[in-house]
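Undergrad: sequence plus predicted model, see below.
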Amino acid sequence: MKDFEFTLDLCRKMAEAAEKAQQEAGVSICLAIADRHGTLRYFYRYGDAILPSVDISQKKAYTAAVLGQSTREFGKIAQVGESAFGINITHPQLVIFGGGFPLQVNGKTVGGLGISGGSVEEDEAVAAKALEAFRAATS
């Protein structure tokens, strides 16, 4: 199967949407886009986004890409007493809190988006705008 092509134009459209949203929210974020294997295809750090967000955004994109679900949803099964408890310890690349979303075309996961820098709610709000841009460009 040929991998979906994350063109620079597509990534920039997503990044521009995220930039506008983070400016409106008054928060600086990092944006990462990964292919379906979790390999980083695009990254941008806006303004003075906190340095841990560089790594966290990339891990969120990885998690969403390889698992095909949002990091918030994945986090639900990684809690104490749930079926995947401790998985983020055995596989430290995985993130179990919100801000990572799968990128899907025709129902198939082709990659992942990771946003980090604000609260989980702020990250997810910024991600929503980048996801809108992705859907508009790929529909």
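TA: Here it is on my side, so go on.
Undergrad: CA only for contacts and neighbour counts going forward, please
TA: Will do.
Undergrad: mind checking the SS state of the residue sitting furthest away from the middle of the chain?
TA: In the chain, the residue that sits farthest from the middle, by C-alpha atoms, centre = their mean, is G81; the gap is 26.0 Å. Look at G81: counting by DSSP: H, G, I helix; E, B strand; the rest coil, its state is coil.
Undergrad: list the buried residues in the worst-scoring helix or strand of the chain on mean pLDDT.
TA: The weakest-scoring helix or strand in the chain, judged by mean pLDDT, DSSP states H and E, is helix 87-90 (a mean of 82). Neighbour-count burial for helix 87-90 flags I87 (criterion: 16 or more other C-alpha atoms under 10 Å).
Undergrad: contacts for that helix, please.
TA: The contact list for helix 87-90 (C-alpha atoms under 8 Å, 6 or more residues apart in numbering) reads 78, 94-96.
Undergrad: what residues sit buried inside stretch 101-113?
TA: Applying 16+ other C-alpha under 10 Å to stretch 101-113 flags 101-104, 109-113 as buried.
Undergrad: which residues are contacting that stretch?
TA: Outside stretch 101-113, the residues within contact range by C-alpha under 8 Å, 6+ apart are 3-4, 31-38, 60-66, 68-71, 100, 114, 127, 131, 134, 138-139.
Undergrad: and if you look at stretch 71-79?
TA: 60, 63-64, 82-88, 95-101.
Undergrad: any of those buried? List them.
TA: 60, 63-64, 87, 95-101.
Undergrad: going by distance to C11, which of those wins?
TA: Distance to C11 across the buried ones among the contacts of stretch 71-79 (C-alpha to C-alpha) is lowest for F101, with 14.6 Å.
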